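> Quick one, fold the following:
(chains A and B)
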Amino acid sequence: MNNASLLPLIILLIPLCAAPVLLALPERSAGLRTAINLGAALVKVLLVAWLSWKVSQGVIYDLRWTVLPGLDLNLQADPLAILFIALSAVLWLITTVYAVGYLEKGPHRARFFGFFSLCVAATVGIALAGNLFTFLLFYEMLTLATYPLVIHYGTAAALRAGRIYLIYTLGGGLVLLLGTLGLWVLAGSTDFVPGGILEGVAEDTPLAAQLLFAVLIIGLGVKAAMVPLHSWLPVAMVAPAPVSALLHAVAVVKAGAFGIIRVVYEVYGIETAQALGLTTALAVLAAITILYGSIRALGQDDIKRRLAWSTVSQVSYIALGVALASPIAAMGALAHLIHQGIMKITLFMVAGNLAEGLGIKQVSRMNGVGLIMPGSMAAFTLAALGMIGLPPLAGFVSKWYLAAGGLDAGQGWVIPLLLGSSLLNAAYFLPMLHRAWFRQPDAAPQDAPVRRPIGWMLAAPPTATAALVLVAGGLANAPFSPLEWTRFIVTLEYSAEAF
Amino acid sequence: MIEMPAIDWLTAVVFAPLAGAILAFLLPRQAHWVGVGAVVLTALMASALVLQVLTEGAVVTPLGNWGAPLGIDLRADGLSATLMAMTTGVGLLVSLGALNSYAHHRAPERMRRYFWPLWLLLLSGLNGVYLSTDLFNLYVMLEVISLAAVGLTVLSGRIEAVRAGLEYMYASILGALLFLLGVGFVYLELGRLDFAGLLAAPPSPALGAALALMVAGLALKTALFPLHVWLPQAHANATAPASALLSALVVKASLYIVLRLAQYLLPLSEVLVALIGLLGVGAILWGSIQALRAERLKLLVAWSTVAQIGLVFVAFARAGADGVAESWKAAALLMLAHAIAKAAMFLAAGRIKEEIGHDRIRELDRSPVRPTLAQLSFALAAISLVGLPPSLGFAGKWILMEGAMTSGYWHWIAVTMIATMLSVAYFSRVLTGFLRFDRQRTTVGEHQGWALADAAPLTLALCALGLGLLAAPILAFMNIGYPFGGAP
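Predicted structure coming up:
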C-alpha cells in the first residue's frame, strides 16, 4: 500500500477529526472555531480536487479493513464516488461560511459545528463506501449526526420533528441492515461492482432477488424521501437554515438517492434489474413521488416547507433517471444529483436570509422582497428558474437528458410526466418570484421584527451557488462539468455496446 | 533455545487477586493501593496468559499435579482467555474509576475499606470460573462470586441498597442450590464431574434434567426474565464502580457457564431451547418496557441489562436449536460487548450523578453543570449497546442475524430488530436530554465537571465502539482450543 492510496482515508478523517475538536472548544472561542471549520473545509476541497484528478486519470483507490470474516470496511474512490464527494466538499465549504454567519450570536455553536462536521464525515464515508456494509455504517452515522442538528433550537416543534426524523431514519437504517444482511447471505458479498453481483442469484431465485430489492429500496427510500416514506422531510424543516440547506442538498436525501444509484447499478447491475422488472417498479414509484411532492408544494405557505416538498419531488428525478435504464437518462439522473444540490441549497440559504434579515417566513409575506434584498432574491430567482427547467440553467440540462433518455428507452410517458412536473414547479415557484419582484412591499405591521442587515457571510454563499447553477448549465459540455463527469461514469456502468 | 521460565499463569491469575484481597483486608489504610496493585498485577498475568494461548494454543495445568478425573485441572482456551482479558481489562479501568471516586468524594470509611477486598475476591472468583474444568469447582467459584457480589451491592450502606442486597443474596443462594442439585445428579449418573467426562457421556434423561436444573440456577443468578426481579434494584442502588462490576462482569460468569455447559452436556433438549428463547424474548420486552418507564438514570441502565441478557439468551437458543458454532460465537461477542459498554455506561452514569447531584432523567437537562465527557461516554456506550456499526455489539448482532437468516429463522431476526428498536427508544430518552435546551435559567457553566475520573468510562466506551473493527481477530482468538465445538 503506497502512501497515495491513503488519500480517501485522509479525506474522511479531516471532518471526522475536526468534529471532536469543535465539540470540545469553549463556546466563546469563535475565531478559532471558524478557523478550524474553514480550514478543514478548504483542505478537503483541495484534496478532493486532487483525488478527482487522479481518478479521472484512471486511478481507482481501494482501501480495505476486515471486520468480520469475509466482511470488509472498504473505502473506494471511483468516478461515482467522486461525483458525490465533490458535491459534498464544495457545498460544505460554502455552507460553512453561511452557517458561521447565520449562527454568529446563537447558542450552542460548539455543539452545532461539531455535529455538522460529523455529518460531513458521514457523507464522505457514504460517497467512498465500496460496499453496502460500509455504506450502512456511514448511513447510520449520518442519522445520528444530523439528529442534534435537526433539534438544534430545542423547541417543542423541533423536538417533535427530531423524534419523527429519528423514527423514520433509524427504522430505515434497520431495514437497510436487513437488506445488507440479505445481500450478504444471498450473494456472499456486498461489494459495489459495476455490472452488479447478483446476476447468478437473479437467475436461480428471482423472487428472493426481487424481495431483497424491495427491502433495500425501502431502507434507502426513507432518506431519499420517496412517497410514502417522505413524511419526515417537510417536518424536519424546523432545523436552522444551514442545516436544511445541507440536509436537502447533500447530506440526507442525497445519501438515499446515492444509495439507490449504487444498488441499481452496482449491486444488481442495470441489466439484471431490468430483467427482474425492478426498474419499472422503481420508475413508477419515482413518478408518483415526483407528482405528489410537487402537488403538495403548491399548498404550502411556509417558504421552507414549500421548498421541502419540492425536494421530495426533485430528488426522485434521480431515482427516475436511474430506473429508466437508458445511459442518457442515467446521465441526467447523475447530473441532477449535483444540479438539484446546488439549486436547492441556494433556495434554502435565501429562505434563511429572508427569515434572518426580514423576519419573513411565509410566501404570502414575500411581497416586494426583491427590492429590499436584490442580491439574495436574484440568486433565488436563478435557482427557482433552474428548478423549473429553464435553459440554460442546470435544471434544464438534467431534465433534457432525462426526457431524451425516456425516449431512448422507449418510455414515452416520461415526457408528459416531466412536462407536468415542470408546470407544477412553475406553479409554485413563479408566484414567489412574482411577489418578490412585482408587488409593492407590505406596510410593516406593528409587531414586525427589527430588520437586521445580513452580512457578507450570508449574502455571498447563495450568490456563489447561484453562479454554479448558471455555470453547470451553461457550460454543461465543458470538460469537468458535472454532466461530462457523469458521461465518464455512465460509460463504466453500461457496457460499451449501449453507446 | 531459551527455556521459558515456568511460571504457571493459570494458577497465578486465580491466586494473585485472592492474596491481594487478604492483604487489602489486613491493611485497610493502604487498601486502595494494594487493590490497584493487585489488579494491575493480575491484568499483566492475564496478558501473559493471553499471549501464551495465542502462541501455544489451549493451556492446561493440573492443580497440585493430580490431574483429571481425580484432581482439579485449570484450562485456558481462546474463550476463557478472552473473557479473562475482558474481566481484567474492564476491572482495571473500573478500579481506576473507583480509586478516583472513593478518594476524592469523601466516601465513607467503610466503602474505601471494603471495596477493594471484595472486588479482588470477585476477580479471583471470576478468573476461577473461566479456568475451571469441572462442575464442582465451578460451583465453588460461583459461591465466591456471589459472596463478593452481595458485599459490593450493600457497600453504600443505604437502606435501599441493603434491601436490594438481601434480595440478591436470597436469589443467589437459591440459584446456587439449584446448580448444586444439578451437579449432584451428574455425579450420581456419571461418577465424575470433569468436562472431559461429561463430553464422553452418552445423553440420558437424568443428564438432561441435571442440565435443566443447572441452567435454571444460572438463569436466576444472571437474572433471566422472569427471575430478574432482584437485579434492577441491586444494580441501581450500588455505588457506581460496584454497579459497573456487577452488571458488566458478575452476570457474565453465569452466562459463561451456561455457554460451557451447553457445549459439554449437549444437546440441550428442544423444550429447554424453546423455553430459553421464549424467556429471552420476554426479558427483552419487559426489560425494555421498564427501561422506558424508569425515572432514574441508573435504574434505566440496570433494566437495559435485563433486556441485553435476554438477547444473549436468544443467541443461546438460536445456537442450541441446531448447534451452530457461529451463534455461540455471536453470544460470546454479545457478552463481551455488553461487558465493556455496560461498565462504561454505569461509570458514566455515576459521574453524571456525581456532577449534577441527582440522576432523575427528566431533570438532567436543567443543571448548570454539564458533565460533557461523561455524557459523551454514555452516548458512545449506548451506540454499542444498541448495536450500531462499527461497535462490538453490532458484530455480535450481525453474526446472530446472519446465522438466523441463513437457516431461515425469521422470527429471531424480528426479535433482534425489535430489541434494537426498543433500545434506541429507551436510550434516546436520556441522550436527547444531554443536548441541553437552556431549560436552566441561570448561566450554564461551561465544561465544568471534566475530571480524571472521566478517563475510565471514556476509554471503555471507545473500546466498546472501536473493538468492533477488530471483531475478526477477536473471533479467531476465541476459537483457539475449539471451545465452540468442531474440535478435530
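
> In this structure B:Ala395 contacts B:Leu333, no?
Yes - between B:Ala395 and B:Leu333 there is a contact at 5.6 Å, judged by C-beta atoms under 8 Å. Bear in mind the C-beta positions are built from the backbone N, C-alpha and C, glycine included.

> anything in contact with each of the two?
B:Ala471 (C-beta atoms under 8 Å, 6 or more residues apart in numbering or on different chains).

> so where do the strands sit in chain A?
A:61-68, A:71-77 (DSSP state E).

> Let me know which of those strands is the nearest to B:Ser247.
B:Ser247 sits nearest to strand A:61-68 of all the strands of chain A, at 26.4 Å, using C-beta to C-beta.

> who in chain A is up against chain B?
Residues of chain A lying close to chain B by C-beta under 8 Å from any C-beta of the partner chain are A:23-24, A:26-27, A:65-69, A:71, A:73, A:107-108, A:111, A:133, A:136-137, A:140-141, A:144, A:148, A:151, A:154, A:159, A:162, A:166, A:170-171, A:174, A:178, A:181-182, A:184-185.

> Apply 6 Å and report the result again.
A:26, A:66-69, A:137, A:140, A:148, A:154, A:170, A:174, A:181, A:185 (C-beta under 6 Å from any C-beta of the partner chain).

> just the helices in the stretch 301-450 of chain A please.
A:303-323, A:327-353, A:369-372, A:374-388, A:394-408, A:414-438 (DSSP state H, counting those that start in this stretch).

> Which pLDDT does the model give residue 116?
No chain specified, so I'll use chain A. A:Phe116 carries a pLDDT score of 92 in this model.

> Chain B is the one I meant
Value for B:Trp116, per-residue pLDDT: 91.

> Could you count how many residues lie near it?
The burial count assigned to B:Trp116 is 31, neighbours taken as other C-beta atoms under 10 Å in any protein chain shown.

> before we move on, what about A:Gly58?
Using other C-beta under 10 Å: A:Gly58 sits among 7 other residues.

> Likewise for the one 5 residues further on?
Summarising burial for A:Leu63: neighbours were counted as other C-beta under 10 Å, giving 20.

> and what of A:Ile85?
26.

> ok, now the one 10 residues further on?
Counted with other C-beta under 10 Å, residues neighbouring A:Thr95 total 28.

> Surely it and A:Pro242 touch.
Yes - between A:Thr95 and A:Pro242 a contact is recorded at 5.5 Å, counting by C-beta atoms under 6 Å.

> got the contact list for the host helix or strand of B:Phe15?
Per DSSP states H and E, B:Phe15 falls inside helix B:9-26. Helix B:9-26 is touched from outside by B:31, B:34-35, B:38, B:41-42, B:45-46, B:48-49, B:61, B:74, B:76, B:116-117, B:120-121, B:123-124, B:127-128, B:131, with contacts defined as C-beta atoms under 6 Å, 6 or more residues apart in numbering or on different chains.

> try stretch B:296-306
Contacts for stretch B:296-306 (C-beta under 6 Å, 6+ apart): B:228, B:232, B:235-236, B:247, B:283, B:287, B:290-291, B:294, B:345-346, B:349, B:359, B:361.

> export the helices of the stretch 301-450 of chain A to a markdown table and tack on mean pLDDT?
Formatted as a markdown table, those follow (pLDDT from 0 to 100):
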| stretch | mean pLDDT |
| --- | --- |
| helix A:303-323 | 92 |
| helix A:327-353 | 92 |
| helix A:369-372 | 87 |
| helix A:374-388 | 93 |
| helix A:394-408 | 91 |
| helix A:414-438 | 93 |
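
> how many neighbours does the spatially closest residue to B:Ala240 that is not a sequence neighbour have?
In this structure, B:Ala240 finds its nearest non-sequential neighbour in B:Gly350, 2.3 Å apart by C-beta to C-beta, 6 or more residues apart in numbering or on different chains. Number of residues near B:Gly350 (other C-beta under 10 Å) recorded here: 27.

> Likewise for A:Pro479?
8.

> That one: what's it in contact with?
Going by C-beta under 6 Å, 6+ apart, A:Pro479 touches no other residue.

> Could you report the separation of it from B:Leu333?
Counting by C-beta to C-beta, to the nearest Å, the gap from A:Pro479 to B:Leu333 is 50 Å.

> circling back: just name the most buried of the strands of chain A.
strand A:71-77 (a mean of 22; mean count of other C-beta atoms under 10 Å in any protein chain shown).

> who's in contact with it?
Residues contacting strand A:71-77 (C-beta under 6 Å, 6+ apart): A:8, A:51, A:55, A:61-67, A:128, A:130-131, A:133-134.

> Distance from the chain centre to it, please.
Offset of strand A:71-77 from its chain centre (C-alpha atoms, centre = their mean, to the nearest Å): 22 Å.

> quick one, it and strand A:61-68 angle?
Using axes from the mean of the first three to the mean of the last three C-alpha atoms, to 10 degrees, one finds that strand A:71-77 and strand A:61-68 are set 170 degrees apart in direction.

> pLDDT (mean, whole number) over strand A:71-77?
In the prediction, strand A:71-77 has an average pLDDT of 90.

> nearest residue to A:Asn353 other than its sequence neighbours?
A:Asn353 sits nearest to A:Ser376 (C-beta to C-beta, 6+ apart), 4.7 Å away.

> again with B:Ala201
In space, B:Ala201 is closest to B:Leu190, 5.3 Å off (C-beta to C-beta, 6+ apart).

> State the pLDDT value of B:Pro267.
B:Pro267 carries a pLDDT value of 64.

> ignore the last one, B:Val386
93.

> Tell me, how many residues neighbour the closest residue to it other than its chain neighbours?
Nearest residue to B:Val386, sequence neighbours excluded (C-beta to C-beta, 6+ apart): B:Ser423, at 4.8 Å. Using other C-beta under 10 Å, B:Ser423 has 23 neighbouring residues.

> separation between B:Ser423 and B:Phe394?
Taking C-beta to C-beta, one finds B:Ser423 at 12 Å from B:Phe394.

> One more: A:Gln57?
37 Å.

> all helices of the stretch 151-300 of chain A, in order?
Under DSSP H, counting those that start in this stretch, the stretch 151-300 of chain A gives helices at A:156-187, A:199-204, A:206-223, A:232-235, A:241-249, A:252-262, A:270-275, A:278-298.

> JSON lines please, covering the ones you listed and showing mean neighbour count, distance to B:Tyr139 and mean pLDDT.
JSON lines is the format used below for the helices of the stretch 151-300 of chain A (neighbours: other C-beta atoms under 10 Å in any protein chain shown; distance: least, C-beta to C-beta, whole Å; pLDDT from 0 to 100):
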{"stretch": "helix A:156-187", "mean neighbour count": "21", "distance to B:Tyr139": "40", "mean pLDDT": "92"}
{"stretch": "helix A:199-204", "mean neighbour count": "15", "distance to B:Tyr139": "51", "mean pLDDT": "84"}
{"stretch": "helix A:206-223", "mean neighbour count": "22", "distance to B:Tyr139": "48", "mean pLDDT": "93"}
{"stretch": "helix A:232-235", "mean neighbour count": "24", "distance to B:Tyr139": "54", "mean pLDDT": "90"}
{"stretch": "helix A:241-249", "mean neighbour count": "28", "distance to B:Tyr139": "58", "mean pLDDT": "88"}
{"stretch": "helix A:252-262", "mean neighbour count": "27", "distance to B:Tyr139": "53", "mean pLDDT": "93"}
{"stretch": "helix A:270-275", "mean neighbour count": "21", "distance to B:Tyr139": "59", "mean pLDDT": "90"}
{"stretch": "helix A:278-298", "mean neighbour count": "21", "distance to B:Tyr139": "59", "mean pLDDT": "93"}
